[in-house]
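Participant: please work out how this folds:
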Amino acid sequence: MACFGLYCGKTLLFKNSSTEIYGECGACPRGQRTNEDKYCQPCIEFPEPYDWLYLGFMAMLPLVSHWFYIEWDSKKSTGGILLQQASAFFECSMAAVVTLLVSDPPGTLSIYSCGVLMLSDWYTMLYNPSPDYITTLHCTQEAVYPLYTIVFVYYAFCLLFMMLFRPFLVTKTQWNLCVLNPFESIYSALFFFPVLTALQAIAGGLLYYAFPYITLVASLANLVVYLVFAKIERYSDMMTKDRLFVLFGHWFLHAYGLIALSREHQFEQDMFLLILVPAPTLFYFLTIKFTKPSRITSEGAKGY
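Facilitator: Okay, the predicted model is just below:
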């Protein structure tokens, strides 16, 4: 029987030196993908650098969300905030390591991948054969193995490690002196993790192609908001440990987006774009004296 679906293939049932027996047309098993001849082949390639950057972006979303809500919920003590943020970093790092260890090949910090050829690879459920050909054939599968499901596994481990470590640290330290409700950041995580999971389930393929632009825009927007609301108008205003940490964090995200945008075959040539990382900050400091609202208001008043 011919395979009509875009992602339908025949699975190898038996093989010896002279004979290969394949099953009927259908969805390929997990960890396999159909080739041009409509046969399911195991995924034994290693991810491309862009794939690793995508996984890194998805791994940073829970960490950034943790840090945001910790900063939002903690109002009094910087020491308590830093301790919670360090705990969140440890939890997410442990979750990433364990996720790689349990993925194929198990016990290593690398993974096998099928790769991504086009956007439809993320949404195989929309490309099942037409009922005009056959009504019982469904070929929904993870064609981008494991880029789709590994994110869910990572989020599950993030939640697990958070529930193991964060409540223990909250009860054993003086966080109750730093925040009104020391468990508030844990409650917040129980809300944003389902949102991140739904985002990956629905828009994982779109995020795969758009995350470099999202990273660039988000880093620029957050940097501007931080500089404006923190009322930083001179270089000397940045010369504190906390503010430099925030600034370097934004620069890291900006560089991350630029690296993700670089073309694989011209990576070295595109690296000169990294010199643009401090450009938005320098532009802000050079132009703030011309755009300061108080100055515009005073000069407008003089005109009258």
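Participant: same question for the residue nearest to residue 224 when sequence neighbours are not counted, what's its three-state structure.
Facilitator: With sequence-adjacent residues excluded and distances taken as C-beta to C-beta, 6 or more residues apart in numbering, residue 224 is closest to residue 284, at 7.2 Å. Where you see a C-beta, it was placed from the backbone N, CA and C, and this is true even at glycine. Following DSSP: H, G, I helix; E, B strand; the rest coil, residue 284 is assigned to helix.
Participant: now residue 287
Facilitator: helix.
Participant: what do you get for residue 108?
Facilitator: coil.
Participant: count the neighbours of it for me.
Facilitator: 11 (other C-beta atoms under 10 Å).
Participant: same question, residue 146
Facilitator: By other C-beta under 10 Å, neighbour count at residue 146 equals 21.
Participant: show the contacting residues for residue 94.
Facilitator: Going by C-beta atoms under 8 Å, 6 or more residues apart in numbering, residue 94 touches 157, 161.
Participant: what helix or strand is it on?
Facilitator: Using DSSP states H and E, residue 94 falls within helix 78-102.
Participant: circling back: ok, the residue nearest to residue 224 to residue 252 distance?
Facilitator: 18 Å (C-beta to C-beta, to the nearest Å).
Participant: go on, residue 87?
Facilitator: 20 Å.
Participant: looking at those two, which has the bigger crowd around it?
Facilitator: Of the pair residue 87 and residue 252, residue 87 is the one with more neighbours under other C-beta under 10 Å, namely 22 against 13.
Participant: tell me what the longest helix along the chain is packed against?
Facilitator: Longest helix in the chain by number of residues, with DSSP state H as the criterion: helix 184-229. For helix 184-229, the packing partners by 3 or more C-beta pairs under 8 Å, 6 or more residues apart in numbering; DSSP states H and E come out as helix 49-73, helix 149-172, helix 241-261, helix 279-291.
Participant: spatially central residue for this protein, please.
Facilitator: residue 58 (1.5 Å; C-alpha atoms, centre = their mean).
Participant: not counting its neighbours along the chain, what's nearest that residue?
Facilitator: That would be residue 151: by C-beta to C-beta, 6+ apart, it lies 4.9 Å from residue 58.
Participant: for the one you found, give me its contacts.
Facilitator: 55, 58, 200, 204.
Participant: roughly how far does it sit from residue 95?
Facilitator: 11 Å.
Participant: mutual contacts of the two, please.
Facilitator: By C-beta under 8 Å, 6+ apart, no residue touches both residue 151 and residue 95.
Participant: separation between the closest residue to residue 124 other than its chain neighbours and residue 50?
Facilitator: In space, and not counting its chain neighbours, residue 124 is closest to residue 7: 4.7 Å by C-beta to C-beta, 6+ apart. According to C-beta to C-beta, residue 7 stands 22 Å off from residue 50.
Participant: distance of residue 29 from residue 115?
Facilitator: Distance from residue 29 to residue 115, by C-beta to C-beta: 17 Å.
Participant: picking up where we left off before, and the pLDDT for the residue nearest to the centre of the chain?
Facilitator: Per-residue confidence (pLDDT) for residue 58: 95.
Participant: wait, doesn't it sit right on residue 203?
Facilitator: No - with contact defined as C-beta atoms under 8 Å, residue 58 does not reach residue 203; the gap is 11.4 Å.
Participant: how close does residue 40 get to residue 120?
Facilitator: 18 Å.
Participant: between residue 7 and residue 50, which one's more packed in?
Facilitator: Neighbours per residue, other C-beta under 10 Å: of residue 7 and residue 50, the larger number sits with residue 7, 24 against 19.
Participant: for the more buried one, grab phi and psi.
Facilitator: Here is the backbone geometry of residue 7 (degrees, to the nearest 10): phi -120, psi 20.
Participant: ok, it - contacts?
Facilitator: 27, 28, 33, 34, 124, 127, 139, 140, 141, 143.
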